[in-house]
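1. kindly return the folded structure for what I paste below:
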Amino acid sequence: MLHPFDPVTDEEIVVTSKLLKQMHGDASLFFSQVDRLEPIKSEAIKYLEVERYGGKLPYIPRRTYAYYYVNSQMPLYKAIVNASEKHVESSKPVPGGAIGPLQPDGMGDIEVAAMEHPIVKAEIAKLQLDKISFNHPQLGKLNYKVICEPWMYGTDSPNDKVPLIQCYMYMGVDHSDSNHYSIPLKFSPVFEYLTKKFVRMDYLPSGADEKFIKETLPARKVDPIVEYHPELIENWKPRDSLKPLQVVQPEGPSFKVEGTKVSWQGWEFRVATNVREGFALYDVHFKGRSLFYRIALNEMTVPYGDGRPPFHRKQAFDLGDCGFGNSANSLALGCHCLGVIKYLDTRRSDARGNPVLIPSTVCMHEQDYGILYLHKNYRNDRSVVTRRREFVVQTIATVANYEYIVNLVFDQAGAITVQVRATGILSTMPNDPNCVTDFGTIVGPGVTAAFHQHLLNFRFDTRLDGDKNTVVYDDYLPMDENLPHNQYNVGFRQKRTFVDKSGSVDQSPFTNRTYKVINENSINPVTMKPVGYKFEMPAKQMILASPNSFNVKRAHYATKQFWATKYHDHQLYAAGEFTNQSTRDTGLSVWADGSEDVRNTDTVVWATLALTHPPVTEQFPVMPSDFLQFLVTPASFFDRNPALDVPLADNNFNKSVYYDDSQNAASNTSSCCQSKV
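-> Prediction:
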């Protein structure tokens, strides 16, 4: 029997597409996205309570949603299908002319169509690639080829009523792993997404201003080529002296997985993959106490800071436009995760409504991360020390040039680290010789990488000790001077502010402002104050575009770091349900407008993780991973350190050895964490 939170199945995708095809008769349907519909929360809560405490489980039918086009024409339709009972509950055009998320198959078809179009072929012919080649020291003579990379079109006008694709064109050596981003070309065709109809040819500026040359000239041999793959790096030699570092768990892992339910070191939750978010966590408990109903990365926007047309439209919504599940990597042992690994799969629909399996898109494993807690009693020279064991839930999405590694990391003391690593390859533009600008970085011959931002929003549906929670923020301020209890003017205090209405909280790093979720109905017996969890977020620059720009109108969530709203079913995505070619968001700008009470109610918080990224040469041709993270940690939620039951560190357990002994291939059998000094 499927759980209400289990991912969509092949059968459910088939049932959904079959019913909709039957409803539309002879029409051809192009499916933009099919996935499981979130259950009504009130129904799911009843199910979870019975599941945890006993009784007869209530019946919750499995429902799916589908976005699709009929006969490759607007409008976009949205359907709700009861997959359990096999009938269509609703199907109607999406109001406002919304455009659906991009299909992996559809983007592949555009790439083929662009490369076969006579106008594009004519531009490629002007490059005269047959007259140049590259002599590789190991591989010999390599010819050049042209590569097309379809991009979401973005927005600069409310008049674009059909789905469009901007194709950026590159050149690389004729090798399957060539770094084409090192040779961007200056012509960029635009196509209609559904019909594959050619719209126009854009020409790209390559100087310090908006001017461009509407002429494709013969290509020049690029030397040196800037490559990342070992087969193509000239005279590549691997770094020596790197010895194996293996994660070995001879007795197996300390976590348990039953279906989608995970148990580890007091933590219990469910992990469900989906095509938009990659995965979501449900019913998160620690040591038997409820913390969150649902946690997920729900949106990311990547606005570029190059204002020259057509680069001004480069603003990706990687989840809403594409989907982290749609673009998820299949993860492999010994590469993406180390140790004993449990994998979960993702299922998506292709454009015709057939199920597609993407295997092993989520990996779960344990890792060591230093010391959890330590104290040395200087009176007797004895130490109490425990190792910080962590449990990691990870997915990796490739969206065109970038890879995003999303980790939710759990520790043994009730904390969650939300961590994102950005890697992959910079999105590049052509650059005239010696053209230096203040909105991009030259990263190779004739190539520049524009400044841009990554703004990711994580949604936490809070359930701390119950369904009624409150958002507060605490500032730390000097006490008034010359008070009787502050005669020496050294005192400082906490000032707590309650968030009563839906909206945002401003950053204030110089008062050490800390966002917290508390339960006013659950009092910590030690502190005599409400229990809580805090969101420890570093102060960061938010979206830089003008408030009047489409970039900001489409991504209002990116203007603030922390938001609070009242829960409503199906309000899941910070920029709204449909982001592709949107002109304004239908998410937090609507839901967090100050019109609803959010104190002591069913509360949702939205945390924006931000990175302003001016590229540097060390990040090309492939980026070392860049870290972004924040912490979600107990704030007097427990009455003492909840990790006191973690066994003390012991070398009979951990099997570490001394350097000198390892050099002599000997093992150390000391059983305690004592120095030999």
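2. how about the helices in the stretch 401-550 of the chain?
-> 550-554 (DSSP state H, counting those that start in this stretch).
3. with the chain instead?
-> 10-23, 41-53, 104-116, 118-126, 550-554, 588-591, 651-654, 659-663 (DSSP state H).
4. out of those, nearest to Leu331?
-> helix 104-116 (17.8 Å; C-beta to C-beta). For the C-beta atoms, the positions are set from N, CA and C on the backbone; glycine is no exception.
5. okay, angle between that closest one and helix 118-126 too, please.
-> 60 degrees (axes from the mean of the first three to the mean of the last three C-alpha atoms, to 10 degrees).
6. hmm, back to that, for the helices of the chain, which one sits closest to Asp306?
-> Per C-beta to C-beta, nearest to Asp306 of the helices of the chain: helix 550-554, 12.0 Å.
7. mean confidence for that closest one?
-> Confidence for helix 550-554, expressed as mean pLDDT, is 98.
8. repeat for stretch 171-190
-> Taken as a whole, stretch 171-190 has an average pLDDT of 96.
9. let's have the helices of the chain in TSV, adding mean neighbour count and distance to Val146.
-> Converted to TSV, the helices of the chain look like this (neighbours: other C-beta atoms under 10 Å; distance: least, C-beta to C-beta, whole Å):
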stretch	mean neighbour count	distance to Val146
helix 10-23	18	35
helix 41-53	15	50
helix 104-116	18	8
helix 118-126	14	5
helix 550-554	23	30
helix 588-591	22	41
helix 651-654	11	54
helix 659-663	10	52
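10. would you convert those helices into a markdown table that also reports distance to Phe638?
-> Listed next are the helices of the chain as a markdown table, based on distance: least, C-beta to C-beta, whole Å:
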| stretch | distance to Phe638 |
| --- | --- |
| helix 10-23 | 40 |
| helix 41-53 | 20 |
| helix 104-116 | 45 |
| helix 118-126 | 62 |
| helix 550-554 | 41 |
| helix 588-591 | 32 |
| helix 651-654 | 26 |
| helix 659-663 | 39 |
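11. contacting residues for Glu12?
-> Glu12 sits next to 36, 62, 64, 83 when contact means C-beta atoms under 8 Å, 6 or more residues apart in numbering.
12. out of the residues you listed, who's nearest Asp626?
-> Arg36 (32.3 Å).
13. now do the end-to-end distance for stretch 397-408.
-> Start-to-end span of stretch 397-408 (C-alpha to C-alpha, to the nearest Å) is 15 Å.
14. residues contacting it, please?
-> Contacts for stretch 397-408 (C-beta under 8 Å, 6+ apart): 149, 151, 181, 278, 281, 295, 297, 300, 302, 316, 318, 322, 324-325, 327-329, 392-396, 416-427, 625.
15. now swap in stretch 69-88 and tell me
-> Contacts of stretch 69-88 (C-beta under 8 Å, 6+ apart): 11-12, 15-16, 19-20, 23-24, 27-30, 32, 37, 61-68, 89-94, 97-100, 161-163, 194-195, 578.
16. got it, and stretch 494-514?
-> Here stretch 494-514 has contacts from 470-477, 515, 534-536, 539-540, 559-566, 588, 591-599, 635, using C-beta under 8 Å, 6+ apart.
17. which of the contacts of stretch 397-408 fall in strands?
-> Of the positions in the contacts of stretch 397-408, 149, 151, 278, 281, 295, 297, 300, 302, 316, 392-396, 416-424, 625 sit in strands, assigned by DSSP state E.
18. just to revisit the earlier point, which among the contacts of stretch 397-408 count as buried?
-> Buried residues within the contacts of stretch 397-408, counting neighbours by 16 or more other C-beta atoms under 10 Å: 149, 151, 181, 278, 281, 295, 297, 300, 302, 316, 318, 322, 324-325, 327-329, 392-396, 416-427.
19. picking up where we left off before, for the contacts of stretch 494-514, which PyMOL command selects only the ones that are buried?
-> Here is the PyMOL command that selects the buried residues among the contacts of stretch 494-514 (16+ other C-beta under 10 Å):
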select buried, resi 470+471+472+473+474+515+534+535+540+559+560+561+562+563+564+565+566+588+591+592+596+598+599+635
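20. buried only: go through the contacts of stretch 69-88 for me.
-> For the contacts of stretch 69-88, a burial check counting by 16+ other C-beta under 10 Å picks out 12, 15-16, 19-20, 29-30, 32, 37, 62-68, 91, 94, 97-100, 162-163, 194, 578.
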